[in-house]
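Engineer: Here you go, sequence then predicted model.
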Amino acid sequence: MRHLMNPMDFSVEELDKLFDLAADIERDPEKYAHRCAGKKLATCFYEPSTRTRLSFETAMLNLGGSVIGFSDAGSSSASKGESVSDTIRVISCFADICAMRHPKEGAPMVAASHSSIPVINAGDGGHQHPTQTLTDLLTIRSLKGRLNDFTIGICGDLKFGRTVHSLVNALSRYTGIKFVFISPEELRIPGYLREKLWENALSFEEVIRLEDVMSKLDLLYMTRVQRERFFNEEDYVRLKDFYILNKAKMALAKPDCLILHPLPRVNEISVEVDSDPRAVYFKQVQYGVYVRMALILTLLELV
Ligand code: NCD
């Protein structure tokens, strides 16, 4: 039995197979409409979510399965003091697979070690968010036709953004990737990631101004400043509008530079950018459903 805690849990070859399956699902969803008949997904969300939870639920419903779960720790027995390891033992009796989001880094890993069903990390604190990365990679592969040889700008909260950490990890295995990290000094990528990039001789630079690098990017991954991970509100208020991607900045970008964002967006992308054909963050959401369908089928060994 396999779990998914980190995008690196799958080899590049396994990811390729997963993305091929997701692409086939996109082409012919009917073929998969009953593959999970009789199966149940539990969504255990101890932290807010719109996309990730509903995307998992949609994925399971599209596969003909059903869904149980909670979307708020306050409505679960966590509020009575139940541990994650006890909760997952209970969920294992009800469901065939579980997607878990938790504010504590490593909580889904603890759950996986006590579970008799596959557990998917749907985001753990500021650590990892592997299914968002699968979504991002499928979007890039589908719209660019490749997962190598590009310059990607990653902009915003690179310190606390778990989607950033997972994406950098995952992309570091492909060839010809150049990272351009764009953040204020206080929100630079964590030291362990910088060291990993150095160790693997990967190309990266760190800059503060988006305008200075915009013209060389093939992809720009914007992120929100992660308010909930700040220790004080003043720092958040000072940094929250540090970057605002608008039409003027888009004018500096390559004609085929794709703009991605895991969402939710706050102010970091002005709504005037939404109608630009290079803005693909809402398309990304649709790819998220296909890739989660492929993931559920793979972890349930139904392919
Ligand atoms: C992200 C997350 O939860 O980390 N959202 C998502 O799942 N798409 C990004 C964010 O909250 O900023």
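Structural biologist: Alright, I've got the coordinates.
Engineer: Give the closest residue to the most centrally placed residue in the chain in space, chain neighbours not counted.
Structural biologist: Nearest to the mean C-alpha position of the chain, by CA atoms, centre = their mean, lies residue 132 at 1.7 Å. Excluding the flanking residues, the one nearest residue 132 by CB to CB, 6 or more residues apart in numbering is residue 163, at 4.6 Å. C-beta coordinates here come from the backbone N, C-alpha and C atoms, glycine included.
Engineer: so the one you found, which of the three states?
Structural biologist: Here residue 163 takes the helix state, with states given by DSSP: H, G, I helix; E, B strand; the rest coil.
Engineer: Then residue 2?
Structural biologist: Criterion first, three-state DSSP; result for residue 2: coil.
Engineer: what's the answer for residue 189, then?
Structural biologist: coil.
Engineer: what number of residues lie near the closest residue to it other than its chain neighbours?
Structural biologist: Leaving aside its sequence neighbours, residue 189 sits nearest to residue 158 (CB to CB, 6+ apart; 4.4 Å). Using other CB atoms under 10 Å, residue 158 has 22 neighbouring residues.
Engineer: re the thing from before, quick one: the helix or strand the residue nearest to the centre of the chain falls within near the ligand?
Structural biologist: Assessed by DSSP states H and E, residue 132 sits inside helix 130-144. Yes - Helix 130-144 lies within reach of the ligand by CB under 6 Å from any ligand atom, at residue 132.
Engineer: I'd like the average pLDDT over that helix.
Structural biologist: On average, the pLDDT along helix 130-144 is 98.
Engineer: ok, residue 109 - contacts?
Structural biologist: Contacts for residue 109 (CB atoms under 8 Å, 6 or more residues apart in numbering) come out as 5, 121, 124.
Engineer: now that we have these, which one has the most neighbours?
Structural biologist: Compared across the contacts of residue 109, residue 121 has the highest neighbour count, 28 neighbours, by other CB under 10 Å.
Engineer: Give me every residue in the stretch 151-300 of the chain lying close to the ligand.
Structural biologist: Within the stretch 151-300 of the chain, the positions adjacent to the ligand are 162, 163, 224, 262, 263, 264 by CB under 6 Å from any ligand atom.
Engineer: re earlier: give me the pLDDT for the residue nearest to residue 132.
Structural biologist: Reported pLDDT for residue 163: 97.
Engineer: Also residue 74?
Structural biologist: 86.
Engineer: Look up how far residue 99 lies from it.
Structural biologist: Taking CB to CB, to the nearest Å as the measure, residue 74 falls 19 Å from residue 99.
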